[in-house]
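Asks: just need the structure, nothing else, for what follows:
(chains A, B, C and D, ligands or ions: 10)
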Amino acid sequence: QENPAPSREGGFGLGRTALPEEIAAWDIDIRPDGQGLPVGSGDVYTGEELYIDYCSACHGDFGEAVGRWPVLAGGFGTLDDEDPHKTIGSYWPYLSTVWDYVHRAMPYGAAQSLEDDEVYAIVAYLMYLNNMVDDDFELSNENFLEMAMPNEDAFFMDDRAATELTVFAGEPCMENCAESIEITARATVLNVTPESEEEATATPEATPAAAAAEVVETA
Amino acid sequence: QENPAPSREGGFGLGRTALPEEIAAWDIDIRPDGQGLPVGSGDVYTGEELYIDYCSACHGDFGEAVGRWPVLAGGFGTLDDEDPHKTIGSYWPYLSTVWDYVHRAMPYGAAQSLEDDEVYAIVAYLMYLNNMVDDDFELSNENFLEMAMPNEDAFFMDDRAATELTVFAGEPCMENCAESIEITARATVLNVTPESEEEATATPEATPAAAAAEVVETA
Amino acid sequence: AAATGKFAHAQAAGPDPAITQMQPWQQYLGAGVDAAPYGVPSPHEAHVVRRNVEWLTADTVSSVNFTPLHELEGIITPNGLCFERHHSGVAEIDPGQHRLMINGLVDNPLVFTMEDLMRFPRENRTYFLECAANTGMEWRGSQLNGVQFTHGMIHNVVYTGVPLRLILEEAGVRTNGSWILPEGADASGMTRSIPMEKALDDCMVATHMNGERLRPEQGYPLRLVVPGWEGNMWVKWLRRIEVGDAPWHHREETSKYTDLLADGQARRFTWEMDAKSVITNPSPQAPILHGPGPTVLTGVAWSGRGTIPRVDVTLDGGINWHRARMSGPSFDKSMHRFYFEFDWDGRPLLLQSRAHDSTGYVQPTKDQLREVRGLNSIYHNNGIQTWAINERGEAENVEVG
Amino acid sequence: AAATGKFAHAQAAGPDPAITQMQPWQQYLGAGVDAAPYGVPSPHEAHVVRRNVEWLTADTVSSVNFTPLHELEGIITPNGLCFERHHSGVAEIDPGQHRLMINGLVDNPLVFTMEDLMRFPRENRTYFLECAANTGMEWRGSQLNGVQFTHGMIHNVVYTGVPLRLILEEAGVRTNGSWILPEGADASGMTRSIPMEKALDDCMVATHMNGERLRPEQGYPLRLVVPGWEGNMWVKWLRRIEVGDAPWHHREETSKYTDLLADGQARRFTWEMDAKSVITNPSPQAPILHGPGPTVLTGVAWSGRGTIPRVDVTLDGGINWHRARMSGPSFDKSMHRFYFEFDWDGRPLLLQSRAHDSTGYVQPTKDQLREVRGLNSIYHNNGIQTWAINERGEAENVEVG
Ligand code: HEC
Ligand code: HEC
Ligand SMILES: [Ca+2]
Ligand SMILES: [Ca+2]
Ligand SMILES: [Ca+2]
Ligand SMILES: [Ca+2]
Ligand SMILES: [Ca+2]
Ligand SMILES: [Ca+2]
Ligand SMILES: [Co+2]
Ligand SMILES: [Co+2]
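Replies: Residues are numbered from 1 along each chain as shown, chains lettered A, B, ... in the order given. Ligands and ions are numbered 1, 2, ... in the order given. Model prediction:
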């Protein structure tokens, strides 16, 4: 769509060198190989206390969640069920993701307010809630890389190129493609669609299909 | 830019036939050949009274205008001057335009409130103000087409194709096109540009070049 | 001269007062040119708004609202109507305090102010942004009865910005720099891993949308544009880009935005948005009100892998298909508008549209998708949508078989 | 991998608190998805507005405001910033009470409701609309010190609408129907005469702009689109189109929009907008604030007769010219965006741009125009604009010779 904006040999000389203190302030990301993980530690017991104070109001005392806030524990063996429960324990492939995310975004509304040791402790408690460790466990930067997550091997790289793109191609039927067509499902039966500005906030008359709520929690 | 929206042989059958009363209500346009002109009449004297009541507050008792509202009379012989005055008398090519416009859009804020005879009378008065008729003149649909406007012949069809398009064409000079270039005029000398939201409403320190005000009155 | 209208036109019973009576706007002066320095839509269009669905999420702060596709035309989504999805609400950023940092595997880690970024050469390109969860509520069957809710997590915008390539070149990417991690300045600190190849290909650091500065809810003052890839990767309020030699596997690419298949295995890094289309009118929120006769069917189509040279439309649930008329410019990874004009006979219809993209891919049915993916994959539902039209012209979200 | 940045970058004296201190938006939740059903720009962009100039007109009701071109990017003008020109203020029309009548030399005079019009096939096309008086204040010399005021009576919009051809065909134009008179429903009852050839060629009856319904100040619910021709002809609040066999010579095509030449003769029916361009940045309202070094010069160009394949830019008042980089799609009778990136050495500059259109026409200097037209023609000033930049980067509207 566009005549490309030209590169310049050697760059433009724009911006300025980032100072180490500045990089330290913002470089908070953690990787599965431990890159970014700070020195520190915390045990399940400490984590439980912190979790009750800062997290349980939304996520429930045992990660079971209050109302529609996210569930953080359980769900093992449900991934191939009709109603899978994807939690840290049942689904997440890497522990580093828990550390990174809790530190980066939680508690909701007070992001990055936790100390490193507090994050270690809360992650240890979340591991405990997910039956990954005993209640006397202490997580630290030393033993972090030894922790394997049960569902790691269930993830594989997008294979749509092989399984879908070649299948969903070619000239489709244009005429007399079926004998007859019947309606097999109707949205109005559920009656979960807001009908006006005001009704958008009303409780639906039927319970929306399980997937619905999850989708947008996860969008 | 576009795959054209297709015509349909015989039309789409959309819309409905307009009724004569409906066409009569909206078909108010007048043409130089008299098409659209209603039966009626009005004289200068009646026109003067109406004009004083409905028009003079903005356009002045004699069409000389109050403040920056439009001037309606005078300006003869100024069209080739440095500061031309374009009025009904000095500039407008057709009388039908006056009838049409006054009836369609004036008085400003009360469009189409004048009766046909009132419009005839006001137009007669505007002719009188522009030295086109005596003070005992009466304008009517009968004599309307006899009225010639002094400046009609000064108008000619856009000739840019011949006078400009061929001239302003061809590969222009790209390098060493002049020995030196000097600034010959500066906007800041005038200081008539509003500098902030608030100043946009302030009176300019200098008087803007005569053309400026006219331009936007005429945009 | 034009062709002569031959069709018999309706006759009015009597003169229409909307014509024979003077309306106030025909006579009295309206608002002046100082009334609306930044204009807004007519009060008669007050229903044309983004809408959210309260029961979908625990709160409205980490939630979504939906673009009213059935009220829009052409391919550009007006900025005020671009759907919103935030994870910690709209960050209200002072651009004077905003910085972009490049760090990691670069020769020279850099910090840019907004003024610095405006000194790079820039480009203008039109792209759709679709949330990977768009239409996700429909995996188990027809659920939400309106195209705004089934398909409204998409917008199509002209972006102005700096090619990410130029900014990475400025810092000097090291030879082992094969991934980037863009990060947002909002309280969710949004992050995603993107392969370097994509970063250097067509990603942009955008400052403007549809001619003006980004809107706050779309990442003001800086957003990453990742053409054709799922919307969550288009990090808003962009404050940092780290260059690395491996992906980060962060929350939005593990817990979320991975596609669970029926056997419990899950696809990761499903970046491209598959070709998709939907009929926006008629649809449940936009029934046929005019009865039988000439009817305009219209909709939009897009693909994360190219352009949309063709859309097919069926009126009978897929027995017979017709080629739609494509309208407006056809840009790579942009929304396309299609029309199909037909004479409605007043009988029930089953409307579907089917997009073909420039790679030869053809939009599948929902059942074709379910066969490969099962019912739990949540994301990337690009299956063919069916609207059932009844004799009164009302439309309903249905499935057919 | 990307090239390595070699340029020496500036070093900061100490850490930037905008980075080392936590900003509120990084920590606390922002507004939710129900906060702004129809979104608006950031409060930090409150200066990006249409502006009028009080001293220009007797009141603000028959007046004009100007598009802030120096704040915009790409080619699309956001709806809220499209300049306004009304003759009796903004008509606030209830679309349910709006009608379009076709009368005159037709087989069947017709009345359409808005619903009727939405049943015709429609198209999507992008066009500039320029007031013929744009830049009219500059005929006698540099006067207004800002591109918003010198060139801001223009906008560029994607229109959706019905080709006028289809509506005229519906009524059946008689063989002697050679002109049309579109008429507005506002209190000025705006009218203009348009030859039938143009009406059948590319005119549209538009219902939407930039994806949504027309804005009230741009003619909601119906506007005539007259591509490439002067803005006054694009009748807003369109209520009637009469077909006739001669032009009407109404007020806006006699008293106004006729071009008085030096000898007192006047051109009439000067419809097409000549090719034109202007540098929007830097300009008096958008000085260079960053000092010497990489500088982005940008601007817009357009022609009422075609596309703009080329724009030349000079930094020295016309001694040497450079070809600008054209950006974004090149549509017929649409605005085009151009860029010229250069390293400013900190010395004074005289900036100009020169558009070439697809007919081979080259934008003339103001003096070339004055030679043909004199100083009193008011309209159609498409002369080359000069901005003088001083050592501090400030810009001024000047003329050179
Ligand atoms: C006020 C409610 C609230 C509190 C308190 C809260 N959270 Fe959350 N949590 C949320 C919401 C909402 C999300 C989903 C955010 C989104 O949409 O991105 C979330 C997501 C998460 C997730 C990711 C869940 C998933 O499946 O992806 C984890 C892990 C988490 N929170 C842990 C914590 C911890 C640990 C604490 C305390 C230190 C905490 N939360 C405090 C509301 C809360
Ligand atoms: C409140 C002020 C006001 C009143 C009262 C008023 N006018 Fe006007 N008149 C205007 C304005 C403003 C314009 C220019 C409108 C525009 O911008 O299109 C104008 C334009 C005109 C013009 C066109 C001038 C030109 O050069 O094109 C004529 C003729 C005219 N008026 C006649 C009348 C008559 C006759 C009446 C009374 C019946 C009248 N006006 C009452 C304000 C007024
Ligand atoms: Ca890092
Ligand atoms: Ca199981
Ligand atoms: Ca124990
Ligand atoms: Ca007529
Ligand atoms: Ca003279
Ligand atoms: Ca007498
Ligand atoms: Co995906
Ligand atoms: Co003209």
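Asks: spell out which residues make up each domain of chain C.
Replies: For chain C, automatic domain parsing gives the domain ranges C:79-267, C:276-398.
Asks: how near is whichever residue of chain C sits closest to ligand 5 to A:Tyr101?
Replies: Using C-beta to the ion, the single residue of chain C nearest to ligand 5 is C:Ser255, 28.4 Å away. For glycine as for every other residue, the C-beta is placed from the backbone atoms N, C-alpha and C. As judged by C-beta to C-beta, to the nearest Å, C:Ser255 and A:Tyr101 stand 8 Å apart.
Asks: these two: which is more packed in?
Replies: For C:Ser255 versus A:Tyr101, the count of surrounding residues by other C-beta atoms under 10 Å in any protein chain shown is larger for A:Tyr101: 23 against 19.
Asks: quick one: the more buried one is in a helix?
Replies: Yes: counting by DSSP: H, G, I helix; E, B strand; the rest coil, A:Tyr101 is part of a helix.
Asks: that one reaches C:Arg251, doesn't it?
Replies: Yes: taking C-beta atoms under 8 Å as the definition, A:Tyr101 is a contact partner of C:Arg251 at 4.1 Å.
Asks: poorly predicted segments of chain A, please.
Replies: Applying pLDDT under 70 to chain A flags residues A:1, A:196-219.
Asks: what residues does it put near ligand 5?
Replies: Counting by C-beta under 5 Å from the ion, chain A comes close to ligand 5 at A:135-136.
Asks: re earlier: out of the domains of chain C, nearest to ligand 6?
Replies: Per C-beta to the ion, nearest to ligand 6 of these: domain C:276-398, 28.7 Å.
Asks: find the nearest non-adjacent residue to C:Val225, please.
Replies: C:Met204 (4.1 Å; C-beta to C-beta, 6 or more residues apart in numbering or on different chains).
Asks: any idea what the one you found is bridged to?
Replies: Beta-bridge partners of C:Met204, counted by DSSP bridges, are C:Pro163, C:Val225.
Asks: what number of residues lie near it?
Replies: If we define neighbours as other C-beta under 10 Å, then C:Met204 has 26 of them.
Asks: touching, it and C:Pro163? I think so.
Replies: Yes: using C-beta under 8 Å, C:Met204 is in contact with C:Pro163, at 5.8 Å.
Asks: highest mean neighbour count across the domains of chain C, which stretch is it?
Replies: domain C:79-267 (a mean of 23; mean count of other C-beta atoms under 10 Å in any protein chain shown).
Asks: that one vs ligand 1: in contact?
Replies: Yes: Domain C:79-267 comes into contact with ligand 1 (C-beta under 6 Å from any ligand atom), by way of C:87, C:188, C:251, C:255.
Asks: identify the farthest-apart pair in these.
Replies: By the measure C-beta to C-beta, C:Ser188 and C:Ser255 form the most distant pair in the residues of domain C:79-267 next to ligand 1, at 13.0 Å.
Asks: okay, and the common contacts of the two?
Replies: Shared contacts of C:Ser188 and C:Ser255, defined by C-beta atoms under 8 Å, 6 or more residues apart in numbering or on different chains, are absent.
Asks: now C:Val49: how far from ligand 8?
Replies: Relative to ligand 8, C:Val49 is positioned 66 Å away (C-beta to the ion, to the nearest Å).
Asks: can you give me the helices for the stretch 251-400 of chain C?
Replies: Counting by DSSP state H, counting those that start in this stretch, one finds helices in the stretch 251-400 of chain C at the ranges C:366-373.
Asks: ok, residue 156 - contacts?
Replies: As the question left the chain open, I've gone with chain A. Counting by C-beta under 8 Å, 6+ apart, A:Phe156 has contacts C:265-268.
Asks: if you could check chain C rather than the one you did, that'd help
Replies: Applying C-beta under 8 Å, 6+ apart, we find C:Asn156 in contact with C:75-77, C:126-129, C:300, C:302, C:334-335.
Asks: still on that earlier bit, which one of the domains of chain C lies closest to D:Asn397?
Replies: domain C:79-267 (22.4 Å).
Asks: and that closest one, anywhere near ligand 4?
Replies: No: using C-beta under 5 Å from the ion, domain C:79-267 never reaches ligand 4; the gap is at least 7.0 Å.
Asks: what mean pLDDT does that domain get?
Replies: Domain C:79-267 shows an average pLDDT of 98 in the prediction.
Asks: and it with ligand 9, contact?
Replies: Yes: using C-beta under 5 Å from the ion, domain C:79-267 comes into contact with ligand 9 via C:132, C:230, C:257.
Asks: of all those residues, which comes closest to ligand 8?
Replies: So of the residues of domain C:79-267 next to ligand 9, ranked by how close each gets to ligand 8 (C-beta to the ion), first place is C:Glu230, at 85.0 Å.
Asks: confidence score at C:Phe7?
Replies: pLDDT, C:Phe7: 62.
Asks: on that earlier part again, going by distance to A:Gln35, which of the residues of domain C:79-267 next to ligand 9 wins?
Replies: Nearest member of those to A:Gln35, counting by C-beta to C-beta, is C:Tyr257, at 21.4 Å.
Asks: in TSV: the domains of chain C, plus distance to D:Ile154.
Replies: Formatted as TSV, the domains of chain C follow (distance: least, C-beta to C-beta, whole Å):
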stretch	distance to D:Ile154
domain C:79-267	13
domain C:276-398	21
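Asks: once you drop chain neighbours, what's closest to the residue sitting nearest the centre point of chain C?
Replies: Relative to the mean C-alpha position of chain C, the nearest C-alpha, by C-alpha atoms, centre = their mean, is the one of C:Ile154, at 1.9 Å. Nearest in space to C:Ile154, with sequence neighbours left out and distances taken as C-beta to C-beta, 6+ apart, is C:Glu130 at 4.2 Å.
Asks: pretty sure that neighbour sits against C:Met153.
Replies: Yes: C:Glu130 lies in contact with C:Met153 (C-beta under 8 Å); the separation is 6.5 Å.
Asks: identify the contacts common to the two.
Replies: In contact with both C:Glu130 and C:Met153: C:Gly231, using C-beta under 8 Å, 6+ apart.
Asks: just the closest residue of chain C to ligand 9, please.
Replies: For chain C, C-beta to the ion, closest residue to ligand 9: C:Thr270, 3.3 Å.
Asks: residues in contact with that residue?
Replies: Going by C-beta under 8 Å, 6+ apart, C:Thr270 touches A:158, A:160, C:132, C:230, C:257-259, C:379-380.
Asks: again, only using 6 Å
Replies: A:158, C:259 (C-beta atoms under 6 Å, 6 or more residues apart in numbering or on different chains).
Asks: what do you get for A:Leu72?
Replies: With C-beta under 6 Å, 6+ apart, A:Leu72 has these contacts: A:59, A:63, A:87-88.
Asks: ok, and the most crowded of the residues you listed?
Replies: Neighbour-wise, those (other C-beta under 10 Å) top out at A:Ile88, 28 neighbours.
Asks: chain A contacts on the stretch 301-401 of chain C?
Replies: Taking C-beta under 6 Å from any C-beta of the partner chain as the contact definition, the stretch 301-401 of chain C meets chain A at C:317-321, C:331, C:360-362, C:364, C:372, C:376, C:378, C:388, C:396-401.
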